[in-house]
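> turn this into a structure:
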Amino acid sequence: MPIEGLFACGADAVSIFAGTYSGPGTTLGPALVMASRIATCAAQRSRPHEP
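Numbers count the residues shown, from 1 in each chain. Predicted structure coming up:
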């Protein structure tokens with residue numbers, strides 16, 4: 001069961017390389033994209049809700 005608000009990025013997430021390590025730096029792109037998405041989600045959650 002998914003846990004709302006829990007994210008993984010980089011080598012901890014499911015890789016497009018299917019569990020292999022093709023070389024240094026290959027996980028940087030996917031990690032940056034996921035980090036950006038996680039930061040956006042966290043920022044949206046930290047905003048107070050309108051009454």
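
> and the most centrally placed residue in the chain, what pLDDT?
For the chain, the residue lying nearest the average C-alpha position, counting by C-alpha atoms, centre = their mean, turns out to be residue 34 (3.2 Å). Model confidence at residue 34, expressed as pLDDT, equals 82.

> got a pLDDT number for the nearest residue to residue 7 once chain neighbours are set aside?
Closest residue to residue 7 apart from its sequence neighbours, by C-beta to C-beta, 6 or more residues apart in numbering: residue 38 at 4.6 Å. Bear in mind the C-beta positions are built from the backbone N, C-alpha and C, glycine included. pLDDT for residue 38: 85.

> and stretch 4-17, average pLDDT?
Mean pLDDT, computed over stretch 4-17, is 71.

> what about residue 27, how many residues close to it?
Summarising burial for residue 27: neighbours were counted as other C-beta atoms under 10 Å, giving 19.

> now do it against residue 1, distance only.
27 Å (C-beta to C-beta, to the nearest Å).

> got it, and residue 31?
Separation of residue 31 from residue 1 (C-beta to C-beta) stands at 25 Å.

> more crowded one of the two?
Between residue 31 and residue 1, residue 31 has the larger neighbour count (other C-beta under 10 Å), namely 15 against 3.

> and that one, what pLDDT?
pLDDT for residue 31: 79.

> that one sits in which helix or strand?
With elements taken from DSSP states H and E, the one containing residue 31 is helix 28-46.

> list the buried residues of that helix.
For helix 28-46, burial by neighbour count (16 or more other C-beta atoms under 10 Å) applies to 30, 34.

> kindly export it (C-alpha atoms) in PDB.
Listed in PDB are the C-alpha atoms of helix 28-46, where the atom choice follows Å, rounded to 0.1, in the frame of the first residue of the first chain:
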ATOM      1  CA  LEU A  28      21.800  12.100 -11.900                       C
ATOM      2  CA  GLY A  29      19.200  13.100 -14.500                       C
ATOM      3  CA  PRO A  30      16.400  10.900 -13.100                       C
ATOM      4  CA  ALA A  31      17.300  12.000  -9.500                       C
ATOM      5  CA  LEU A  32      17.200  15.700 -10.400                       C
ATOM      6  CA  VAL A  33      13.800  15.300 -12.100                       C
ATOM      7  CA  MET A  34      12.300  13.400  -9.100                       C
ATOM      8  CA  ALA A  35      13.900  15.800  -6.600                       C
ATOM      9  CA  SER A  36      12.200  18.700  -8.400                       C
ATOM     10  CA  ARG A  37       8.900  16.900  -8.400                       C
ATOM     11  CA  ILE A  38       9.300  16.000  -4.700                       C
ATOM     12  CA  ALA A  39      10.200  19.600  -3.800                       C
ATOM     13  CA  THR A  40       7.100  20.900  -5.700                       C
ATOM     14  CA  CYS A  41       4.800  18.500  -3.900                       C
ATOM     15  CA  ALA A  42       6.400  19.400  -0.500                       C
ATOM     16  CA  ALA A  43       5.900  23.100  -1.200                       C
ATOM     17  CA  GLN A  44       2.300  22.600  -2.100                       C
ATOM     18  CA  ARG A  45       1.700  20.600   1.100                       C
ATOM     19  CA  SER A  46       3.300  23.300   3.300                       C
END
